[in-house]
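Trainee: Generate a structure from the sequence data that follows.
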Amino acid sequence: MTSCLSCSSASSDRPPPTIPAAQAAVSPAVTTKPPGSVRPLGGDGEAAVFDAATSSLVVLSRQAVGGSALVTFPDVGPSRTVPLPTPATAIVGDGAGTVYASTKGGYFAVNLADGAAVTRFDVDGERDTDFTAITRRADGKVVLGSAAGAVYTLSSHTAVQARLQIFARVDVLVARGDTVAVLDRGQTSVTTIDASGTKQEHALRAGEGATTMVADPIGRILVADTRGQALLVFGTNPLMLRQQYPVKGVPYGLAGSPTLAWISETATNSVVGYDLSTGIPVEKVRHRTVQQPNTLNFDDVTGTLFVVSGSGAGVQVIPEAAR
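Mentor: Got it, this is the predicted structure:
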């Protein structure tokens with residue numbers, strides 16, 4: 001059962017009550033060769049986006065020597081590593097050749113088509129803010145979330161249009177049009193924010209311990225309830241829990257595609273594709289994966305599923321994964 005978290009967007013003087021954030025399982029060793037191919041990453045994968053303009057998977061990787069890098073994997077040719085000047089926490093792409101990465105005090109814009117040039121933008125007045133999440137709205141505005149529980153909507157590269165602080169911590173941001181959804185792991189909640197960036201639209205509990213969230217191509221929001229071992233499917237107009245389905249094996253990684261919702265089981269090193277069209281998720285395909293399948297992404301054009309290891313085991317590429 002879902003419940004409304006709040007009927008007001010007013011900030012409270014006291015921090016919201018929280019529970020310990022759920023985490024992915026520590027995956028067992030892989031004993032058989034997984035399907036597809038595995039490309040080396042050179043670090044632990046933390047996030048991934050697919051850039052349609054360059055036909056490349058872009059992975060945010062924590063490097064063995066410290067710091068962060070973006071590693072690009074084109075469909076043809078070798079990978080390329082782009083070191084970032086300071087550690088990054090999350091990434092989002094515009095689909096047109098640019099990837100944005102949140103960092104302390106601001107964010108980076110990395111132009112993949114122009115030699116992967118890195119430009120840093122410092123958010124006005126927020127030099128010491130720990131930004132933990134980033135997304136980009138349909139109107140092109142960048143939205144950042146902080147460890148202190150605030151959401152910043154920018155009106156330019158650096159100017160803050162609106163700041164809304166009603167969360168314990170902002171862990172994940174996704175945009176549907178100009179509406180932004182916020183995942184707060186400590187409150188295990190999903191909240192939507194209106195286009196002005198100043199008001200909460202709706203807020204719902206998200207299972208027993210939600211950890212990850214993505215938007216799929218047809219407008220739904222997918223959430224992994226890792227502690228409750230379930231896949232949660234939300235509609236966005238208005239925010240409403242549409243489907244809740246048990247997923248064993250400590251679910252964590254998520255990806256949406258035109259036909260299936262993909263979710264990884266970190267306790268079993270596997271990924272499952274569910275058909276959501278009937279109102280009840282139906283398992284259609286299951287693949288073995290690399291160790292620690294924490295991050296998923298999908299190329300809608302080729303039907304390729306990418307599984308990014310969070311333990312240094314590389315990036316698994318599964319062509320025509322739905323078959």
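
Trainee: any weak-confidence spans in the stretch 51-200 of the chain?
Mentor: For the stretch 51-200 of the chain, applying pLDDT under 70 flags the ranges 64.

Trainee: give me that answer again for 80
Mentor: Applying pLDDT under 80 to the stretch 51-200 of the chain flags residues 64-66, 114-116.

Trainee: all helices for it, in order.
Mentor: Taking DSSP state H, counting those that start in this stretch, the stretch 51-200 of the chain contains no helices at all.

Trainee: cool, and the stretch 201-323 of the chain?
Mentor: Assigned by DSSP H, counting those that start in this stretch, the helices in the stretch 201-323 of the chain number zero.

Trainee: all strands for the stretch 101-250 of the chain, in order.
Mentor: Using DSSP state E, counting those that start in this stretch, the strands assigned to the stretch 101-250 of the chain run over residues 106-111, 117-122, 131-136, 142-146, 150-154, 160-165, 172-176, 179-184, 189-193, 200-205, 210-215, 221-225, 230-236, 239-246.

Trainee: Tabulate those (CSV), appending mean neighbour count and distance to T81.
Mentor: The C-beta positions use only the backbone N, C-alpha and C, and glycine is treated the same way. Putting those into CSV (neighbours: other Cβ atoms under 10 Å; distance: least, Cβ to Cβ, whole Å) gives the following:
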stretch, mean neighbour count, distance to T81
strand 106-111, 20, 12
strand 117-122, 14, 12
strand 131-136, 23, 20
strand 142-146, 26, 24
strand 150-154, 22, 28
strand 160-165, 17, 32
strand 172-176, 22, 25
strand 179-184, 25, 29
strand 189-193, 25, 34
strand 200-205, 20, 39
strand 210-215, 24, 25
strand 221-225, 26, 28
strand 230-236, 21, 33
strand 239-246, 16, 38
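
Trainee: Identify whichever of these lies nearest to T304.
Mentor: Closest approach to T304 among these (Cβ to Cβ): strand 210-215, 16.5 Å.

Trainee: who touches the closest one?
Mentor: 21-24, 171-172, 174-176, 181, 183, 185, 188-190, 221-226, 232, 252-256 (Cβ atoms under 8 Å, 6 or more residues apart in numbering).

Trainee: let's go with 6 Å and repeat that
Mentor: Strand 210-215 is contacted by residues 22, 172, 174, 176, 183, 188, 221-226, 254, 256 when judged by Cβ atoms under 6 Å, 6 or more residues apart in numbering.

Trainee: Could you identify the most distant pair in those?
Mentor: Pairwise distances across those peak at 24.0 Å for A22 and R176 (criterion: Cβ to Cβ).

Trainee: ok, back up a step: which of the strands of the stretch 101-250 of the chain sits closest to V65?
Mentor: Closest of the strands of the stretch 101-250 of the chain to V65 is strand 117-122, at 17.7 Å (criterion: Cβ to Cβ).

Trainee: Packing partners of that closest one?
Mentor: Under the contact definition 3 or more Cβ pairs under 6 Å, 6 or more residues apart in numbering; DSSP states H and E, strand 117-122 sits against strand 106-111.

Trainee: what are the pairing partners of the strand it packs on, and which direction each?
Mentor: Here strand 106-111 is paired, per DSSP bridges, with strand 98-103 (antiparallel), strand 117-122 (antiparallel).

Trainee: So what pairs up with the nearest residue to I221 once chain neighbours are set aside in the strands?
Mentor: Of all residues not flanking I221 in the chain, F234 sits nearest, at 4.2 Å (Cβ to Cβ, 6 or more residues apart in numbering). According to DSSP bridges, the partner residues bridging F234 are I221, L241.
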